[in-house]
Structures are given as C-alpha cells and as structure tokens.
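> pasting the structure only:
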C-alpha cells in the first residue's frame, strides 16, 4: 500500500499529540511489509507520518518540491528532515528551484500521483494559500485517489 500524506503545518502542541496518535493508528492498519509512505517530510504531519511509517516497519519515499525547500523549513527541523531523507527508498523531485507555493503544489501533485491513498491532516477548511492542504485534497479527489481525513476531536489549527 502506497500512502501519501498532506497536512497543516504549525499546529499547536496539544493538536500534535492528538494527530500523532491518530496517524499512528492509521499507519498500523497496514501491513509493514507492503507499506510505503510518501511524504515531503516538512515539519508537522509530513514528518510525523514518515516517522510513524518507519517505526511501524514500513518504508518511505520523499518528494522534494524544490532545491531550496529544506532552507525554507524551520532550522530546528533540518536534522529531522535530513535523517528522514537519508532513510528514503527513493527521492522524487519537481526539478524546480524556488521553494514557493507553485513548487509545493507541484510536489504535492507528484506525491498524489505516486499514492494509492492520501492521508490528509485537514480541518476541512479552505486552503490559506495556493497549494495548501485543501488544494491537495481537491487534486486527489479530481484524480481518483481516495482521501482519508485525519482530524481527531479536540484538534485545532490555531493555538
């Protein structure tokens, strides 16, 4: 099973705990022998999902939206990003250099194209900018990729 991930970044600490638990539950529904998680490994749900897949015994593939992507992530996340990137079975790239909304959506489109299902850590609200979680969910729906929304009771996008 090839599971992709999309989700909101910058979530409050209490939401992180709830979402990590829900992601672990979701991942554990699949056999580790055949589980491939596909992620852009940004801080937040992307990285939490990739870690959960690896902890469960599955493997990951990484999509890099732009050559400048890592530099646009928080400095405190760089070590996690680097570690997960090293653990990837395969790395896919858009070929773009600027880490902007266009590149992020292009990366998400590649991710959706590689996935059998998409896990969306999503509050159900419209995207706050082009390439946001809602846009990725809409793209998956248009392309026939089933979406599993993970938004546990008590989760909030803003703290």
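Looks like it came in fine. This one's a predicted model, so the numbers in the text were calculated from it and none came from an experiment.

> how many neighbours does the closest residue to residue 122 other than its chain neighbours have?
Using Cβ to Cβ, 6 or more residues apart in numbering and skipping residues adjacent in sequence, the residue nearest residue 122 is residue 133, 4.7 Å away. Placement of C-beta: from N, CA and C, glycine included. Neighbour count of residue 133, defined by other Cβ atoms under 10 Å: 24.

> from residue 79, how far off is residue 133?
Using Cβ to Cβ, to the nearest Å, we find residue 133 at a distance of 25 Å from residue 79.

> residue 104 now?
Taking Cβ to Cβ, one finds residue 104 at 22 Å from residue 79.

> ok, those two, which is more surrounded?
Legend: neighbour count by other Cβ under 10 Å for residue 104 and residue 79, higher for residue 104 (24 against 9).

> how about that one, secondary structure?
The three-state label given to residue 104 by DSSP: H, G, I helix; E, B strand; the rest coil is helix.

> quick one, what contacts it?
Contacts for residue 104 (Cβ atoms under 8 Å, 6 or more residues apart in numbering) come out as 40, 65-66, 131.

> tell me which of these has the lowest pLDDT.
Across the contacts of residue 104, the smallest pLDDT goes to residue 131, namely 89.
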